[in-house]
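Chemist: Give me a model of this one.
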Amino acid sequence: MSSAARMVVRALRNPLSAERLSEEQWTALLTAARAESLLGGLGHRLSDLNLPAKVSQILADARADGERARVQALWEAEMARRALAPLDVPVVLLKGTAYAAAGLGAGVGRSIGDLDILVPRDRLAAVQQALLSAGWEWVKEDAYDDLYYRRWMHELPPLIHKDRDRMIDVHHTILPLTARPTPDAAAMIADSVALGEGLRGSGSLDQGLRILAPADMVIHAAAHLFADGDLAGGLRNLWDIDRLLREFGERRHFWRDLAWRARRHQLRAPVARALRLAASLYATPVDEACAGRRRWSDGLFERRLLARSGWGSETSPALRLGFYIRSHTLRMPLPMLARHLWIKARQS
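Modeler: Reported below is the predicted structural model:
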């Protein structure tokens, strides 16, 4: 396992540990943190320490980049809100933009890429047309890719704005339709929370946008990490979960709601694993009943999450390949997967 990735985890978990690093260790730590999209978060965690001048400047730049990303993400959310406002459809922000819009700790210093939103499946056609009319265009024009997204995936094919060059992913649920778990997306939308005025970090966002309820926000983060991917960049996603749990964990009935809703969305196992690994790596306080007993396979997941060298490159190729294969088998049955891979290979 990579010592550089472990240093990133250790610095986030205990910022004081960074004061004893050598110049070589700082290089490895910062390189690995950048590769894991954790440099902004690390910059905020270490902001009160007396650090080497070069390190302080790098982390200050990372904090500034994070603030620009936050403002840009909120503006893109506002543009989507304006485009979709005439439809009177609930628009739920997801992932980094949701954290930033709600002023949550998970949004502090977080890198934010595409705008992810969740809308009712029966309103997809109207949402699609409104976005196209407002300047978004299809990224994938291949007929097979378009069919694949619309028939099997949990989102529309990705769109990009022709002027702002920003992507939007329009979800109608949180996992592919071919995946074994079937989350209740309608319940997630129905129980979502409106962004009210005066929210810390909400900036210029107007009313009309929503975020997932606290338990569903954690469930979605866990599903995205452990039920729908190969764990690439997973340390950042697990850090999101740590921040969310620390923020919500003291709320009344949160753990009860998390356990109940994880079962309702058929995601009890991914949520439990997320709690165990967050506790193991980031010392996240978790409810032991929700987390369950440690599994032998948790060690493999930890090794995959920590497979990053001090040069920023990924390590453990055999392990990464195994998780890559796992991610595809989670998404679709083997006969469908074989056909899909054959078609994509022929297109290449």
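Chemist: can you give me the strands in the stretch 151-300 of the chain?
Modeler: 159-161, 167-171, 193-194, 209-211 (DSSP state E, counting those that start in this stretch).
Chemist: what's the closest of those strands to Trp260?
Modeler: strand 193-194 (17.4 Å; CB to CB). Any C-beta I mention is one placed from the backbone N, CA and C, and that applies to glycine too.
Chemist: Give the pairing partners of the closest one; include direction for each.
Modeler: strand 209-211 (antiparallel) (DSSP bridges).
Chemist: Return the distance of the partner strand from the chain's centre.
Modeler: 16 Å (CA atoms, centre = their mean, to the nearest Å).
Chemist: Name the residues that touch that strand?
Modeler: Identification of contacts with strand 209-211 by CB atoms under 8 Å, 6 or more residues apart in numbering yields 77, 81, 90-93, 98, 101-102, 189, 192-195, 217.
Chemist: isn't Ala186 right next to Pro120, touching?
Modeler: Yes. If you go by CB atoms under 8 Å, Ala186 and Pro120 touch, sitting 7.0 Å apart.
Chemist: So the two - more neighbours on which side?
Modeler: Pro120 (18 against 13; other CB atoms under 10 Å).
Chemist: That one touches Ala190, doesn't it?
Modeler: No. Judged on CB under 8 Å, Pro120 makes no contact with Ala190 at a distance of 9.5 Å.
Chemist: in the stretch 101-250 of the chain, what spans have low per-residue confidence?
Modeler: Residue ranges of the stretch 101-250 of the chain with pLDDT under 70: 143-147, 196-207.
Chemist: how close does Ala98 sit to Leu42?
Modeler: 21 Å (CB to CB, to the nearest Å).
Chemist: again but with Arg68, I slipped
Modeler: For Arg68 relative to Leu42 (CB to CB), the value is 17 Å.
Chemist: and the two? which has more neighbours close in?
Modeler: Between Arg68 and Leu42, counted using other CB under 10 Å, the more crowded position is Leu42 (26 against 10).
Chemist: host element of the more buried one?
Modeler: helix 39-45 (DSSP states H and E).
Chemist: Need the CA coordinates for that helix. PDB is fine.
Modeler: Coordinates of each C-alpha in helix 39-45 appear next as PDB, following Å, rounded to 0.1, in the frame of the first residue of the first chain:
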ATOM      1  CA  LEU A  39      -5.600  19.300  -2.300                       C
ATOM      2  CA  GLY A  40      -8.300  21.900  -1.600                       C
ATOM      3  CA  GLY A  41      -9.600  20.000   1.400                       C
ATOM      4  CA  LEU A  42      -6.100  19.500   2.700                       C
ATOM      5  CA  GLY A  43      -5.400  23.200   2.300                       C
ATOM      6  CA  HIS A  44      -8.300  24.000   4.600                       C
ATOM      7  CA  ARG A  45      -7.400  21.300   7.100                       C
END
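Chemist: what angle sits between the helix or strand following it and strand 167-171?
Modeler: Remark: after helix 39-45, the chain's next helix or strand is helix 53-84, criterion DSSP H and E. With axes from the mean of the first three to the mean of the last three CA atoms, to 10 degrees as the basis, helix 53-84 and strand 167-171 are set at 60 degrees to each other.
Chemist: Could I get the average pLDDT for helix 53-84?
Modeler: Across helix 53-84, pLDDT averages out at 96.
Chemist: ok now whichever helix or strand comes after that helix, how far from the chain's centre?
Modeler: As assigned by DSSP H and E, the chain's next helix or strand after helix 53-84 is strand 91-93. Strand 91-93 has its C-alpha centroid displaced from the chain centroid by 15 Å (CA atoms, centre = their mean).
Chemist: How about residues contacting strand 91-93?
Modeler: 77, 80-81, 84, 98, 101, 115-119, 188-189, 192, 195, 208-212.
Chemist: can we see that at 6 Å?
Modeler: Under the contact criterion CB atoms under 6 Å, 6 or more residues apart in numbering, strand 91-93 has outside partners 77, 84, 101, 117-119, 189, 192, 209-211.
Chemist: Identify, from the residues you listed, the entry nearest to Leu131.
Modeler: Leu84 (7.5 Å).
Chemist: so that closest one makes contact with Leu131?
Modeler: No. Between Leu84 and Leu131 there is no contact under CB atoms under 6 Å: 7.5 Å.
Chemist: what's the closest non-adjacent residue to Phe254?
Modeler: Phe248 (5.0 Å; CB to CB, 6 or more residues apart in numbering).
Chemist: residues near the one you found, how many?
Modeler: 18.
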